[in-house]
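Colleague: Show me how the following folds:
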Amino acid sequence: MADIKELRKRMEGALASLKAEFSGLRTGRANAQLVEPIDVDAYGSKMPMTQVGTITVPEPRMITINVWDKSLVGAVEKAIREAGIGVNPVVDGQNVRIPIPPLTEERRKELAKVAAKYAEQAKVAIRNVRREGMEAVKSAEGGEDQQKKLSEEVQKLTDEMVKKVDDAYETKEAEIMQV
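Modeller: Below is the predicted model of the structure:
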């Protein structure tokens with residue numbers, strides 16, 4: 001029997017994954033999530049940025065990282081430079097300041113295409129969950145009426161989730177293209 005709650009949970013997981021991907025896409029504004037996933041070589045191993053300093057966004061075009069251990073300031077700066085996010089960190093004592101330059105029109109279009117690709121991947125994941133749900137409905141016990149009702153519910157859930165993906169993409173695209 002197809003469990004609609006389980007299907008919803010899996011589809012929402014795809015949506016949550018999409019939102020996490022979107023948060024890593026750079027827009028013209030500073031966002032702490034831009035540097036949070038970066039790993040820093042610290043104490044002989046890789047550590048997330050959040051475990052070596054405090055990340056703040058004091059103004060719309062600036063991210064600052066207050067590095068707790070002064071000996072790691074260079075490693076933090078190096079990790080940011082090598083992350084390929086298109087920013088130049090500036091060391092200021094125990095702080096690393098990251099000015100966020102405005103995006104060029106060409107870069108905005110590239111980022112919008114990347115966002116579209118992420119949205120499409122989320123839709124594919126949702127459709128895969130739908131396909132599995134429909135297979136479960138076909139193999140479920142019960143009459144044709146019951147199977148028809150369940151398959152309509154699965155389709156309705158799929159349409160709802162795909163619309164949420166489209167809405168999230170439109171919001172992100174508008175955010176990226178905003179000058």
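Colleague: okay, CA-based contacts and neighbour counts for the rest of this
Modeller: Noted.
Colleague: And the helices in the protein?
Modeller: For the chain, helices defined by DSSP state H occupy the ranges 4-23, 73-82, 105-138, 144-177.
Colleague: what's the closest of those to residue 61?
Modeller: Ranking these by distance to residue 61, with Cα to Cα as the measure, places helix 144-177 first at 14.2 Å.
Colleague: Show me where this protein dips below the pLDDT cut-off.
Modeller: By pLDDT under 70, the low-scoring segments of the chain are 1-2, 26-28, 179.
Colleague: looking at it, which residue ends up farthest from its center?
Modeller: residue 143 (41.8 Å; Cα atoms, centre = their mean).
Colleague: for that one, phi and psi?
Modeller: When read as degrees, to the nearest 10, the backbone of residue 143 gives phi -80, psi 180.
Colleague: so how far does stretch 55-67 reach from one end to the other?
Modeller: 9 Å (Cα to Cα, to the nearest Å).
Colleague: Return the set of buried residues in stretch 60-67.
Modeller: The neighbour-count check on stretch 60-67 (16 or more other Cα atoms under 10 Å) flags 62-67 as buried.
Colleague: want to throw those into a markdown table with distance to residue 124?
Modeller: Listed next are these as a markdown table, based on distance: Cα to Cα, whole Å:
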| residue | distance to residue 124 |
| --- | --- |
| 62 | 36 |
| 63 | 34 |
| 64 | 37 |
| 65 | 37 |
| 66 | 40 |
| 67 | 40 |
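Colleague: Tell me the one among those residues nearest to residue 3.
Modeller: Taking Cα to Cα as the measure, residue 3 lies nearest residue 63 of those, at 44.3 Å.
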